[in-house]
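Enquirer: Predicted model follows, preceded by the sequence.
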Amino acid sequence: MDTIDIIRHFALDGKAVEVKPLGDGFINDTFVVKTDGPHKYILQRKNKFVFPDVPAMMDNIVAVTTHIKKKVQDPLRETLTVVPTTDGKYYFQTPDGEYWAVCLFIEDTVTNDVASTPDMARQGGLGIGHFQALLADFDKPLAEVIKGFHNIRWRFVQWDEALKANKAGRIDGLTEEIAFIEGRRKEMLDFWKLVEDGVLPMRVTHNDTKLSNFLFDKATGKVLCAIDLDTVMSSTSLNDVGDAIRSYANNTVEDDPDYSKVWIRLDMYEAYMDGYLSERKATLSESEKEWMAFAPLYITYEQVLRFLMDYIDGDVYYKIKYPEHNLVRTRSQMALLRSMEDNYPEMRKIVAELLAKA
């Protein structure tokens, strides 16, 4: 089926007259749909290999966006609007087994690829903080659309299997990197146990907090809403913070082969945390506040483990540009984590001062 045939199965306000590709997504195929009615739409083919239960994923998205719509002034602009099919489902499955979904196109918005300034980092913090604050009282169960996502106990199961299998025969040259992982194993498991024991409460988390997953209002330049909600699940809200800091506050790119350039920029860290906590601190528990500064260390460690594990497995998960790419990624993230560890007392101090602000 072509995209025009597919879009006809959705309850649009008007007839589709044009479907064009939008962007270069790594996971989903995305199209913008023009109609003869008042709205444009976004059509996506959902990746059933990354998301093996697309119906459950769409249920998550609808539940979360429905909750948000009850709390905002402009429900059509301040969150996604999922468009049902003509038979009332929130996805359409083609005869070849592909899943498609549609949402309303939000007009007069722009996206930004990277947080290049502290002000942009602060906007990112405002975005995820506002998203989480709107959902702080959300109490419905959400499906686990990606098994073990950010669960370090599950990652260690995979890691131990990777070391035992040594599929690419690369372990002998990785003594330092493996020792780096093993030397922090207990610390990371101790943190995750706080989640398992409920000390850190389960919340709605976005789980893909890169800046391009937020729409900015074209007129004001301010962050408007979170998009790309495919990875929305239940976890500790600290995961979103850690993931954002890992990318926003790195002095360079995550795969820079010049490790001397890799460190955490505390100005970007403080700007992000200022934005995030200004939206979120009223709905955080005391344990979340206590462990907030540790979140970037946890997520960065997990990424070190995942890059190195993929290198050991023979580069089967992450796309690589050259044979040692995953090893370079590993070492670059190791350098970032060391910088975070060195600056951890200052990171805690910044969080404490921001929490104390009126």
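Expert: On my side now, so go ahead.
Enquirer: Every contact and neighbour count from this point should use C-alpha atoms.
Expert: Noted.
Enquirer: Could you check which helix or strand contains E187?
Expert: For E187, the host element (DSSP states H and E) is helix 185-196.
Enquirer: Next SSE downstream of that helix?
Expert: Next along the chain after helix 185-196, taking DSSP H and E as the criterion, comes strand 203-205.
Enquirer: now what about the helix or strand that that next one is followed by, what contacts it?
Expert: Per DSSP H and E, the first helix or strand lying C-terminal to strand 203-205 is strand 214-217. Strand 214-217 is contacted from outside by 108-112, 124, 127, 222-227, using Cα atoms under 8 Å, 6 or more residues apart in numbering.
Enquirer: centroid residue for the protein?
Expert: Nearest to the mean C-alpha position of the chain, counting by Cα atoms, centre = their mean, stands D208 at 0.9 Å.
Enquirer: For the residue nearest to that residue when sequence neighbours are not counted, give me phi and psi.
Expert: Here the nearest residue to D208 in space, its sequence neighbours aside, is T231; by Cα to Cα, 6 or more residues apart in numbering that works out to 6.8 Å. T231 has phi and psi values of phi -90, psi 10 when expressed as degrees, to the nearest 10.
Enquirer: Tell me which helix or strand the closest residue to I171 other than its chain neighbours sits in.
Expert: Of all residues not flanking I171 in the chain, I312 sits nearest, at 6.6 Å (Cα to Cα, 6+ apart). Counting by DSSP H and E, the element that carries I312 is helix 295-313.
Enquirer: ok, how many other residues are close to D190?
Expert: Residue crowding around D190 was assessed by other Cα atoms under 10 Å; the count is 12.
Enquirer: same thing with M340?
Expert: The number of residues near M340, taken as other Cα under 10 Å, comes to 24.
Enquirer: List the residues that contact it.
Expert: 263-264, 296-297.
Enquirer: all strands for the stretch 151-300 of the chain, in order.
Expert: 203-205, 214-217, 223-226, 233-235 (DSSP state E, counting those that start in this stretch).
Enquirer: Show me what the first one is packed against.
Expert: Meaning strand 203-205. The contact analysis (3 or more Cα pairs under 8 Å, 6 or more residues apart in numbering; DSSP states H and E) places strand 203-205 against strand 233-235.
Enquirer: gap between stretch 299-307 and the chain center?
Expert: For stretch 299-307, the separation from the chain centroid amounts to 14 Å (computed by Cα atoms, centre = their mean, to the nearest Å).
Enquirer: Equivalent analysis for stretch 31-42, please.
Expert: Per Cα atoms, centre = their mean, the centroid offset for stretch 31-42 relative to its chain is 27 Å.
Enquirer: residues making contact with whichever strand or helix holds M57?
Expert: Using DSSP H and E, M57 sits in helix 54-69. With Cα under 8 Å, 6+ apart as the test, helix 54-69 has contacts from 46, 48, 51, 75-76, 78-82, 90-91, 99, 134-135, 138, 142-143, 145, 229-233.
Enquirer: Check the model's average confidence along it for me.
Expert: Helix 54-69 carries an average pLDDT of 97.
Enquirer: Tell me which residues of it come out buried.
Expert: Using 16 or more other Cα atoms under 10 Å as the burial criterion, the residues of helix 54-69 that qualify are 54-55, 57-58, 60-62, 64-69.
Enquirer: next one: stretch 90-105
Expert: For stretch 90-105, using 16+ other Cα under 10 Å, the buried residues are 90-92, 99-105.
Enquirer: pLDDT for those residues - can I get that in JSON lines?
Expert: Below are the buried residues of stretch 90-105 laid out as JSON lines (pLDDT from 0 to 100):
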{"residue": "Y90", "pLDDT": "97"}
{"residue": "Y91", "pLDDT": "97"}
{"residue": "F92", "pLDDT": "97"}
{"residue": "Y99", "pLDDT": "96"}
{"residue": "W100", "pLDDT": "97"}
{"residue": "A101", "pLDDT": "97"}
{"residue": "V102", "pLDDT": "98"}
{"residue": "C103", "pLDDT": "97"}
{"residue": "L104", "pLDDT": "97"}
{"residue": "F105", "pLDDT": "97"}
